[in-house]
Every structure is written in structure tokens, then in C-alpha cells.
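> Quick one: sequence and predicted model below, then my questions.
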Amino acid sequence: MLFRGKLYRALNPVYAREPLSGRGAQLYGGRFNPKGVPALYASLSVMTALREANQVGNLQPTTLVSYDADIDDIFDCRDGMALQAEGMDDAALASGTWRDQMKATGEARTQAFARKLIASGYRGLLVRSFASGANEIDLNLVLWTWSDAPPSRLILIDDENRLQQT
């Protein structure tokens, strides 16, 4: 599928100067990227981005950024038949044990799924948010490939260069 529109990320301020790096996910791994694989976890709404960034405890300092996106070859996890064809299902996507799986075996099932999609040429996946308080309309776009030009165009919206002034 093609995704064209606005995306939002709520970043740890440590990474605010590099909102296009994917470095945090690369260093620690995420639900949909194994360690060593950079990824940008973005949301289709501001509130979903805030929920995603602050899933544990109290609201922590957060830098909110937005992007203009025009990205092709996105896997749509809302398509149950496509999920099944890739050996995945909704319960596995939502499993809160992915960190435990990663510690035990080196790679969670959702990370292996992502690795398979990357090898198949997908640039990212559209998936519902599993953060507390989210529902089926709260969506995330996880990107493994992005650039400043189509078919993987992702442009940070910072017309006033505010991030460079911090």
C-alpha cells in the first residue's frame, strides 16, 4: 500500500536533534525491528504518538515532531489475510511479551516478522497501536526505509529550524 500524509513522533529529548535517525530503535530493538535495524516508529495522530512514547508510568519530557510522508510498499497489518499469508496474526502482533522473547531467544516473533517483510522489499508496516488507552483506530506506521525522495519520502516539518536551535 501507499501511505501519503502526516505522521507524528513523540521523541525522547535525547534523540530530538536527530528525528530522522532511527538510532534508539536500532540500539535497543523494538516490537517491529530487531536490534541493529534502524526504525522510525511514527503515528497517524498526535495523541497516539504521545501514548506510544509514554507507555510506562508518568508523562516524561517529550519532543513532538511531525513529518510529511509519501511512502510506497507499506505492509498493512489490518489485512487479516495478508497477515495469515506471512505467518502472523493479531494476537502475536499485540503480544506484550515481545521483550521477553527478545531476551530469551535474541529475536521476538514480531521482529522476525519485520525482518521477513524487510527482505521482501517492504519499507514499513501500518499497525494498530497497542499502547494503553489505544483502540483500533489508533494507528502507527513503522518505517525501516526512508529518505528525502519517493518512493520512501519522509520530510521533517521544521520550517523555523527549531530543532537546530536547541
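Right, received. Where do you want to start? Numbers count the residues shown, from 1 in each chain.
> average model confidence for the lengthiest helix in the chain?
Of all the segments of type helix in the chain, defined by DSSP state H, the longest one is helix 109-119. The average pLDDT within helix 109-119 is 97.
> immediately after that helix, which helix or strand?
Following helix 109-119 in sequence order, the next helix or strand is strand 124-128 (DSSP states H and E).
> Packing partners of that next one?
Strand 124-128 is packed against strand 74-76, strand 139-143, with contacts defined by 3 or more Cβ pairs under 8 Å, 6 or more residues apart in numbering; DSSP states H and E. C-beta here means a position set from N, CA and C on the backbone, and glycine is covered the same way.
> can you rerun that using 10 Å?
strand 40-43, strand 74-76, helix 90-94, helix 109-119, strand 139-143 (3 or more Cβ pairs under 10 Å, 6 or more residues apart in numbering; DSSP states H and E).
> strand partners of that strand, parallel vs antiparallel please.
Strand 124-128 has these partner strands in its sheet, going by DSSP bridges: strand 74-76 (parallel), strand 139-143 (antiparallel).
> The shortest one: which residues count as buried?
Neighbour-count burial for strand 74-76 flags 74-75 (criterion: 16 or more other Cβ atoms under 10 Å).
> Just the residues contacting it, thanks.
Contacts of strand 74-76 with the rest of the structure, by Cβ atoms under 10 Å, 6 or more residues apart in numbering, involve 1-3, 32, 82-83, 86, 88, 113-114, 116-118, 120-127, 139, 141-143, 152.
> okay if I get the strands paired with strand 124-128 as JSON lines plus mean pLDDT?
JSON lines is the format used below for those (pLDDT from 0 to 100):
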{"stretch": "strand 74-76", "mean pLDDT": "98"}
{"stretch": "strand 139-143", "mean pLDDT": "98"}
